[in-house]
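Please find the sequence and the predicted model below.
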Amino acid sequence: MPFYSGHWYLPVNPQKCAAINQTVSCPVGYYSHARNLLPEQRLTPNLDITGSAIVKTFIASTCTALILSACLIIDKIKYHFYHKRRSANSKAESRFWIKAVHTIESLLQAISDQQIVAGVALVLAINAQACTISAYHYNLVCSMLLLSGITHLNTLINIPDFVYKGKLVAANRLLAIAFQLVLSGIILSSRNTKSFPSKPSALGVLPAACFENMNALDSLGLQDFVDLAANVTGAATNTTQNATQIWDNIQAATSARSGLGEYITLIIFAIFALLFLVLEFLEAMFFPDTYLHWLSVALSITSEIASAVISFLTISRYFSLRDGMEVEAWFDNAGQDKWTYSQIVPMLLLASGSITLIKAVTESLAGHKARRYMDAAQNAADKASAAKNQVDRGQAQYAKMEDQYKMTQQDYEMANTSYGNGAYNN
């Protein structure tokens, strides 16, 4: 069943754009062989969506999230190692360490929240420009959405007790992230065509509507996977195609440059995040003292490595595409460095993370409901209880010794009385 959502337009083609009173020209043949375009034919910067400040904000957020996630993985290994030993001394953690972990968690969560706002705004903006955005700028948007998705999913995977700390707030965040990922999937799937110019060329100047996959709305873009399987199965039964040709078809559909390849990446990360949340729930509620937490650590490490690799490839592809497209032959660089409202807001949004950082550093640990902080409080309570028990035992021993002293004194008095009576009789 196709997915309909009011004024959601993507994917579009010239016919669909004409139906909403927007004209799209697609001289593919001319631009396929063009080497130098006339000044009026050249592409101009799209500062509202792919301004350099906006893209750099997405890149900075993703890189910062990866560094913070690595710190949390190290802490998670340390915490579970101590947790496994189950001794009072090993579980006792310094206030500075716990507060540092809390600061990192708060900052990572703030970055994810900022990416929700920026990501959803980007999705809605590209939908508003569905018939006018160029194929080149569409490619840049796909890179930013992939980076944003990686930031969200690393937050889910690497923040301990994400759901346990605040179920209502966590549900709110999960719904917002799911909303962004679904719409991002449709946008990425819309690029899943052999004709879409994913490499630097004059074709990138043309509107993305000239090349989009019109099946991207079917089953939220998942229909492409069914079509891919059908094509591969059909090719496998075709005796005129050898294994090399079949493999080439699979690579073309799932390559890092295709929309389907990026969509597959998002789905795999989403499955990782869902599996992690289930493991965290099972560990918290049913298996607190088992080796299940080591599976959680393994998933976190795997996610971190995969995220770093994919982020590196995505960022490298972004700069490669930008260097190849923004040349004088078919790109007008005038106004490229101009700052607009849409570029200033993301920068200020990223800078607002400093507020979260200061708040987390100065905030008291009292009132946190995560297991980590509950363990610290419970450890202090256990120590206080042990001290009280020791005092009680000391008081009981003193009372017992006092009773023994009284009994000894009575025995002495009785013996002394008996001795006196015997001496008197004699």
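Now that the structure is in, tell me what you want to look at. The shown structure was predicted, so the numbers you read here are calculated from the model rather than taken from an experiment.

Tell me which other helices or strands whatever helix or strand Ile74 lives in touches.
Using DSSP states H and E, Ile74 sits within helix 52-85. If you count contacts as 3 or more C-beta pairs under 8 Å, 6 or more residues apart in numbering; DSSP states H and E, helix 52-85 packs onto helix 88-91, helix 95-128, helix 135-158, helix 292-325, helix 341-351. Bear in mind the C-beta positions are built from the backbone N, C-alpha and C, glycine included.

Those: which one's closest to Thr64?
Of all those, it is helix 95-128 that lies closest to Thr64, at 6.1 Å by C-beta to C-beta.

What's the mean pLDDT across the closest one?
The average pLDDT within helix 95-128 is 84.

In terms of secondary structure, what does it contact?
If you count contacts as 3+ C-beta pairs under 8 Å, 6+ apart, helix 95-128 packs onto helix 47-50, helix 52-85, helix 135-158, helix 167-190, helix 341-351, helix 353-362, helix 371-425.

Which one of the ones you listed has the poorest average confidence?
Lowest mean pLDDT within these: helix 371-425, a mean of 63.

Roughly how far does Leu349 sit from Ala273?
23 Å (C-beta to C-beta, to the nearest Å).

Compare those two and say which is more crowded by neighbours.
Ala273 (23 against 17; other C-beta atoms under 10 Å).

Chain neighbours aside, what residue packs nearest to the more buried one?
Leu156 (4.2 Å; C-beta to C-beta, 6 or more residues apart in numbering).

From Leu277, how far off is the one you found?
Taking C-beta to C-beta as the measure, Leu156 falls 6 Å from Leu277.

quick one, which of these two is more surrounded?
More neighbours surround Leu156 than the other of Leu156 and Leu277, with 23 against 16 (other C-beta under 10 Å).

Report the contact partners of that one.
Applying C-beta atoms under 8 Å, 6 or more residues apart in numbering, one finds that Leu156 lies in contact with Phe162, Leu174, Ile177, Ala273, Phe276, Leu277.

wait, Val117 sits on Leu349?
Yes - contact status for Val117 versus Leu349: in contact at 6.6 Å, counting by C-beta atoms under 8 Å.

and stretch 47-60, which residues are buried?
Neighbour-count burial for stretch 47-60, counted by 16 or more other C-beta atoms under 10 Å, picks out Leu47, Asp48, Ile49, Thr50, Gly51, Ala53, Ile54, Val55, Thr57, Phe58, Ile59.

What is the nearest of those to Tyr31?
Thr50 (19.7 Å).

isn't that closest one right up against Val141?
Yes - with contact defined as C-beta under 8 Å, Thr50 reaches Val141; the gap is 6.5 Å.

Excluding chain neighbours, what is closest to Phe211?
Per C-beta to C-beta, 6+ apart, closest to Phe211 is Phe196, 4.3 Å.

List the contacts of the one you found.
Taking C-beta under 8 Å, 6+ apart as the contact definition, Phe196 lies against Ala135, Ala208, Phe211, Glu212, Asn213, Gly259.

Widest-spaced pair of those residues?
Checking the contacts of Phe196 with C-beta to C-beta, the most distant pair is Ala135 and Asn213, at 12.7 Å.

What is the neighbour count of Gln129?
Gln129 has 19 nearby residues by other C-beta under 10 Å.

and it, what does it touch?
Listed by C-beta under 8 Å, 6+ apart, the contact partners of Gln129 are Asn46, Asp48, Ile49.

Gln41 too?
Gln41 makes contact with Val205, Trp330, according to C-beta under 8 Å, 6+ apart.

where's it relative to Ser201, distance?
Counting by C-beta to C-beta, the gap from Gln41 to Ser201 is 14 Å.

same deal with Thr265?
For Thr265, the distance to Ser201 equals 24 Å [C-beta to C-beta].

Next: Leu348.
To Ser201, Leu348 is 35 Å away according to C-beta to C-beta.

So between those two, which is more surrounded?
With neighbours defined as other C-beta under 10 Å, Leu348 and Ser201 compare such that Ser201 has more, 17 against 9.

And that one, what's its pLDDT?
If you check Ser201, the pLDDT there is 87.

Now do the contacts for it.
For Ser201, the contact set (C-beta under 8 Å, 6+ apart) comprises Ser32.

Quick check: the gap between it and Val120.
Taken as C-beta to C-beta, the span from Ser201 to Val120 is 31 Å.

got it, and Val327?
33 Å.

Likewise for Phe286?
Counting by C-beta to C-beta, the gap from Phe286 to Val120 is 35 Å.

Compare those two and say which one has the larger neighbour count.
With neighbours defined as other C-beta under 10 Å, Phe286 and Val120 compare such that Val120 has more, 17 against 9.

Now do the same contact list for that one.
Val120 neighbours (C-beta under 8 Å, 6+ apart): Ala176, Phe179, Gln180, Leu183.

what about the second one, neighbour count?
Read it as Phe179. Residues near Phe179, counting by other C-beta under 10 Å: 14.

what's near enough to touch it?
Val120.

The same query, at a cut-off of 10 Å, please.
Residues counted as contacts of Phe179 (C-beta atoms under 10 Å, 6 or more residues apart in numbering) are Ile116, Gly119, Val120, Val123.

Please apply the same query to the first one.
Contacts here follow C-beta under 10 Å, 6+ apart; on that basis Ala176 touches Ser112, Asp113, Ile116, Val117, Gly119, Val120, His152.

could you dump the residues you listed to a markdown table with distance to Thr302?
Converted to a markdown table, the contacts of Ala176 look like this (distance: C-beta to C-beta, whole Å):
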| residue | distance to Thr302 |
| --- | --- |
| Ser112 | 19 |
| Asp113 | 25 |
| Ile116 | 24 |
| Val117 | 28 |
| Gly119 | 24 |
| Val120 | 28 |
| His152 | 17 |
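
and those residues, which are buried?
Ser112, Asp113, Ile116, Gly119, Val120, His152.

Would you mind confirming that the fourth one makes contact with Leu181?
Yes - taking contact to mean C-beta atoms under 10 Å, the distance of 9.0 Å between Gly119 and Leu181 places them in contact.

shared neighbours, those two?
By C-beta under 10 Å, 6+ apart, Gly119 and Leu181 have these common neighbours: Leu145, Ser148, Gly149, His152.

Is the last one in contact with Ile159, as I believe?
No - between His152 and Ile159 no contact is recorded; they are 11.2 Å apart, counting by C-beta under 10 Å.

number of nearby residues for Asn21?
Counted with other C-beta under 10 Å, residues neighbouring Asn21 total 7.

Just say helix, strand or coil for it.
Following DSSP: H, G, I helix; E, B strand; the rest coil, Asn21 is assigned to coil.
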